[in-house]
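> return atomic coordinates for the entry below.
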Amino acid sequence: MREPDVARERRHTLYFLREVEQHAPVFLDTEVDMTRVRELRSAARAEGTEYSTVSFILLATARALAKHPAANAGARGGRRLKVLRFEEISGKLTLDKTVNGQRVVLSAVLPGLGTATLDEVQRKVDRYRVGDGDVLPEFANARALHSLPRPIAAALYRRAVRPLAKRAAVTGTFSVTSLGHRPVDGFHSSGGTTVTVGVGRTLDRPVARDGEVVVAPVMRLNLTFDHRVIDGAEAADLLADLKEELEQFPAPTVVPAPETAVAQTAVAEAAVAEAAVAESRTEAAAR
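Sure, this is the predicted structure:
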């Protein structure tokens, strides 16, 4: 009996896994009191606005990374390791999507998180979560890889992700991956960036406050860091700052998005994605 091949729609994940084999991952975790985040979410919901936990995580991680520029970096190579610190802070978010009927993991990069508002982040997260994996232009390059022969697709993938100067835009400067929508307390993952934040579910748990045991919403927060780039002390400080950012998150400032600007941005993004796909297919044909 012939064993079935890996679904074409999942091949981009295999190319990604080959690239992260060079990483030297080390794992940390902590618990976060999500009372402040829950209060902000409830207050916003009463006003008709819905914020997701992952949006708070993305913005809090960006704010924590701003205090640790050494961690906002990328690395390439083995013995001759090259490390580049990024000026921009951009987050890669992994998503559970469907492409051509196949359940897959896709990722989207949210740029400019160092200066973004919670509303801006939420609008981007909503776009990727609701958007159709078969149609959304930001996933066009991944879909194009599925249709190419594996050697060509793998070579194009390497060409796209290996240059350090392109990492911030292509893979983000940090990654966030969440399984909090399922009964998962915590997990560690390497997202291809120096820092990856893994998010589990938030549950009401007993905690000690002022010498008394009370019930509070607690979330396991996991951090994977590439030991080639930073050491454990730096990663521990980063995780501590991330925990503080979440537990003391400031009230969001609502900034409405002009509909015309959003429409123009969507058109521009679609044009860029279509051009990238066309270029990839032209290179494949030339080979």
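> mind listing the helices for the stretch 51-200 of the chain?
53-65, 118-130, 140-146, 150-161, 167-170 (DSSP state H, counting those that start in this stretch).
> which among the ones you listed is found nearest to residue 212?
Residue 212 sits nearest to helix 53-65 of all the helices of the stretch 51-200 of the chain, at 26.6 Å, using C-beta to C-beta. Any C-beta I mention is one placed from the backbone N, CA and C, and that applies to glycine too.
> can you count the residues close to residue 45?
By the criterion of other C-beta atoms under 10 Å, residue 45 has 11 neighbours.
> and if you look at residue 132?
For residue 132, using other C-beta under 10 Å, the count is 10.
> show the model's pLDDT score for it.
Looking at residue 132, its pLDDT reads 95.
> buried residues, stretch 229-236. List them.
229, 230, 235 (16 or more other C-beta atoms under 10 Å).
> make CSV from these and add pLDDT, secondary structure and distance to residue 167 to it.
Below are the buried residues of stretch 229-236 laid out as CSV (pLDDT from 0 to 100; DSSP: H, G, I helix; E, B strand; the rest coil; distance: C-beta to C-beta, whole Å):
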residue, pLDDT, secondary structure, distance to residue 167
229, 96, coil, 12
230, 97, coil, 16
235, 97, helix, 19
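> okay, those in a markdown table with distance to residue 59 next?
Formatted as a markdown table, the buried residues of stretch 229-236 follow (distance: C-beta to C-beta, whole Å):
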| residue | distance to residue 59 |
| --- | --- |
| 229 | 22 |
| 230 | 21 |
| 235 | 20 |
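> return the closest of these with respect to residue 185.
Residue 185 lies nearest to residue 235 out of the buried residues of stretch 229-236, by C-beta to C-beta, at 20.7 Å.
> circling back to that earlier point, closest to residue 187 among the buried residues of stretch 229-236?
residue 235 (17.2 Å).
> wait, the closest one touches residue 70, no?
No - the criterion here is C-beta atoms under 8 Å, and residue 235 misses it with residue 70 at 10.0 Å.
> out of the helices of the stretch 51-200 of the chain, which is closest to residue 251?
Of all those, helix 118-130 comes closest under C-beta to C-beta, at 9.2 Å.
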